[in-house]
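Chemist: Just need the structure, nothing else, for what follows:
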Amino acid sequence: MITPALLLLGSASLVASALVRMARVVDRARVLATIAHEQTFDRTGVTEPQLRAWLQSHAKRACYAERSITVLYAAIVVFIATCLSIGLDRFAGDSLSWLPVALAVAGILLLLTGGAYM
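Modeler: Next up is the predicted model:
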């Protein structure tokens, strides 16, 4: 029963990292949006097309971070289900031994996918 708990801890750490990444992207995009709104291109030394390209890049990064967070939260839910299925398997007399394994594999695949989006 300790393995799903460790995987839960790893998933939570990855969620925290993804949330920090999302916060950085949003903060930087807000600065760029302020420059665009105030039209202070000359003072900052960037052109309007450069600024648009940067904003599009930040939007793409935010989308990847959002997907990563969603998938990592799904992994956490699956790992919690894995913990519960271990107890259910014991209660059912070890007749559901495939269920915790299948859920753990699904959770690990979600963890891998969430890490790839980061």
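
Chemist: Let me see the ranges of the helices in this structure.
Modeler: Ranges of helices within the chain are 2-38, 41-44, 48-91, 98-117, based on DSSP state H.

Chemist: Now these in CSV, please, with extra columns for mean neighbour count and mean pLDDT.
Modeler: (Glycine included, C-beta is placed from N, CA and C.) Shown next, in CSV, are the helices of the chain (neighbours: other C-beta atoms under 10 Å; pLDDT from 0 to 100):
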stretch, mean neighbour count, mean pLDDT
helix 2-38, 15, 89
helix 41-44, 11, 73
helix 48-91, 17, 92
helix 98-117, 17, 93
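
Chemist: Give the residue farthest from the middle of this protein.
Modeler: D42 (36.9 Å; C-alpha atoms, centre = their mean).

Chemist: and the gap between that residue and A36?
Modeler: 13 Å (C-beta to C-beta, to the nearest Å).

Chemist: do the same with L55
Modeler: If you go by C-beta to C-beta, the gap between L55 and A36 works out to 7 Å.

Chemist: again, but for A81
Modeler: Distance from A81 to A36, by C-beta to C-beta: 45 Å.

Chemist: contacting residues around I80?
Modeler: Applying C-beta atoms under 8 Å, 6 or more residues apart in numbering, we find I80 in contact with 4, 8.

Chemist: any idea how far R90 is from it?
Modeler: Counting by C-beta to C-beta, the gap from I80 to R90 is 17 Å.

Chemist: Also R52?
Modeler: 58 Å.

Chemist: ditto for A104
Modeler: Taken as C-beta to C-beta, the span from A104 to R90 is 16 Å.

Chemist: ok, now L14?
Modeler: 29 Å.

Chemist: How about R67?
Modeler: 36 Å.

Chemist: How about V15?
Modeler: Distance from V15 to R90, by C-beta to C-beta: 29 Å.
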